[in-house]
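[1] Take a look and give me a structure for this.
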Amino acid sequence: MSKNITPYKDSDLSKKEQVAQMFDTISGNYDNLNRVISFGIDVKWRKKVLEIVRNSNPKTILDIATGTGDLAILMAQTKAEKIIGLDISAGMLEVGEKKIAAKNLSKTIEMVLADSENMPFEDNFFDAITVAFGVRNFEHLEKGLSEILRVLKPNGVFVILETSVPDKTPYKQGYNFYSRNILPMIGKLFSKDNVAYGYLSESAAQFPYGEALNNILRKIGFIEVKAMPQTFGVATIYSASKK
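    Next up, the predicted model:
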């Protein structure tokens, strides 16, 4: 199990409260900064998530840790009748709602301020659930994944897109140097919150990935669990289902 890394080391707030505060602070610059730190490759990864979800022909989709709604907006291409983007950061959702309105998608996509570990939805509610770069921010990973399993319909599809660590030389060394030195430096240039991208780098390094995360998903009760490394292993797409 990974260490429970928090953004603000000296804060008395819980991890989820700290994460909400951090993302509220960086919400205005988040989209542009994401493109910079990933060299735009995150767009390609999200499109692969879209293809997995689209193949299941979902009518209802939940995008957890939706942030500013990038993946929720992309999911509109599935022709789903209802898409809900859920996040604990009001600042990120506010940015997302403006993007959704600008694309005339407000009737399809609803943004909800809520905790992923205690969601306001009935059992077996969604055909598909996605999380992009969000599961490592869960305060209690297994509780959050169990809650996802609860609201996913039987035979529904669950897809995670998350950072991971390359295993092979020289990609592993290059990734470690970039994440520890370059990424926090870029974050400080673009963001008022000096700790945010240091936290994102540290949490990514500590989070279980590959078969370790596959095993956690199986333990929770997911079936058909599969990990698909992306771009030399700097990110991984996980897909799973429910009995």
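[2] where does the chain have low pLDDT?
    Counting by pLDDT under 70, the chain has low-confidence residues at 1-3, 190-195, 197.
[3] Next, count neighbours for I64.
    27 (other Cβ atoms under 10 Å). (C-beta placed from N, C-alpha, C; glycine too.)
[4] where along the protein do the strands fall?
    According to DSSP state E, the chain carries its strands in the segments 60-64, 82-87, 109-113, 126-132, 152-163, 223-230, 235-241.
[5] will you turn these into a markdown table that also has distance to E202?
    Shown next, in a markdown table, are the strands of the chain (distance: least, Cβ to Cβ, whole Å):
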| stretch | distance to E202 |
| --- | --- |
| strand 60-64 | 22 |
| strand 82-87 | 21 |
| strand 109-113 | 26 |
| strand 126-132 | 19 |
| strand 152-163 | 11 |
| strand 223-230 | 21 |
| strand 235-241 | 17 |
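[6] The ones you listed: which one's closest to T169?
    Smallest distance to T169 across those (Cβ to Cβ): 15.4 Å, for strand 223-230.
[7] check contacts around the closest residue to E211 other than its chain neighbours.
    Closest residue to E211 apart from its sequence neighbours, by Cβ to Cβ, 6 or more residues apart in numbering: A227 at 6.9 Å. A227 makes contacts with 209-211, 213-214, 236-238, as judged by Cβ atoms under 8 Å, 6 or more residues apart in numbering.
[8] ok, back up a step: so which of the strands of the chain gets nearest M119?
    Of all the strands of the chain, it is strand 82-87 that lies closest to M119, at 6.8 Å by Cβ to Cβ.
[9] Run me through the strand neighbours of the closest one, direction for each.
    Using DSSP bridges, the strands paired with strand 82-87 in its sheet are strand 60-64 (parallel), strand 109-113 (parallel).
[10] closest to L145 out of the ones you listed?
    When those are compared by Cβ to Cβ, strand 60-64 sits nearest L145, at 10.4 Å.
[11] From the chain's centroid, how far away is that closest one?
    Centroid separation for strand 60-64 versus its chain: 12 Å, with Cα atoms, centre = their mean, to the nearest Å.
[12] what do you get for stretch 7-22?
    For stretch 7-22, the distance to the chain centre is 18 Å (Cα atoms, centre = their mean).
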